[in-house]
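Novice: only geometry, no sequence info:
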């Protein structure tokens, strides 16, 4: 009987070790998936819509699957107003948007207007794929409010109350984040062309008077 008990314990330890090795092997197969914002225009005019593509990017030369994305982001409300998200041309997901109720109390309304927000995307069935070139997840749409040489729309590691984290979820292991880098974007906003003409004309008049 004692020998039999020892054998059972030994098998249990070996099984645990095998499971641990398997878990590490599965995790190693999947590298990190980066989240990146890409601005469509070099400069926007006051009043224009500014589009920023959110892409999931494989950090290796191979495609990488993922199951879901939680993203906390922020912007300067003096220069930009969030209008919402547009999923045209994006990878097919079960849900991709700004949830009305989020666990971190970031979306006080939809779309949020206070300078920070929470975006969520999820898929059922086969995982979605992040390519090395970047897979379009959604497009954030803002309205340009005032001139600036550079106003950042930032992808945040964490935020909210209670504090939440940005994550890209492993396609197999529940709650395992494979998030790599977060790459934010900067928006430049210039006056309307007519305003520039008026300013230039005023400058010429001032120079002539001098």
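Specialist: Done, it's in. Given the structure is predicted, the values throughout are model-derived calculations rather than measurements.

Novice: where do the helices sit along this protein?
Specialist: Along the chain, counting by DSSP state H, helices occupy 2-29, 193-209.

Novice: which residues touch the nearest residue to residue 184 once chain neighbours are set aside?
Specialist: Excluding its sequence neighbours, the residue lying closest to residue 184 (CB to CB, 6 or more residues apart in numbering) is residue 154, at 4.4 Å. (C-beta placed from N, C-alpha, C; glycine too.) Residue 154 makes contact with 73-75, 184 under the criterion CB atoms under 8 Å, 6 or more residues apart in numbering.

Novice: for those, which one is nearest residue 31?
Specialist: Residue 31 has its nearest neighbour among these in residue 184, at 21.3 Å by CB to CB.

Novice: distance of the closest one from residue 113?
Specialist: 20 Å (CB to CB, to the nearest Å).

Novice: who's more crowded, the two?
Specialist: residue 184 (16 against 12; other CB atoms under 10 Å).

Novice: So in terms of bridging, what pairs with residue 52?
Specialist: residue 39, residue 140 (DSSP bridges).

Novice: if I pick it, what's in contact with it?
Specialist: 37-40, 139-142, 153, 185, 187.

Novice: Show me which of these is closest to residue 166.
Specialist: Nearest to residue 166 among those is residue 37, at 12.3 Å by CB to CB.

Novice: Surely the closest one and residue 185 touch.
Specialist: Yes. Using CB atoms under 8 Å, residue 37 is in contact with residue 185, at 3.8 Å.

Novice: Need the overlap of contacts for these two.
Specialist: Going by CB under 8 Å, 6+ apart, residues that sit against residue 37 and also against residue 185 are 52, 153.

Novice: Please identify the buried residues of stretch 171-182?
Specialist: When burial is assessed from 16 or more other CB atoms under 10 Å, stretch 171-182 yields the following buried residues: 171, 176-180, 182.

Novice: Redo those as CSV? Include distance to residue 127 and pLDDT.
Specialist: Below are the buried residues of stretch 171-182 laid out as CSV (distance: CB to CB, whole Å; pLDDT from 0 to 100):
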residue, distance to residue 127, pLDDT
171, 4, 97
176, 13, 97
177, 14, 98
178, 11, 98
179, 15, 98
180, 17, 98
182, 21, 98
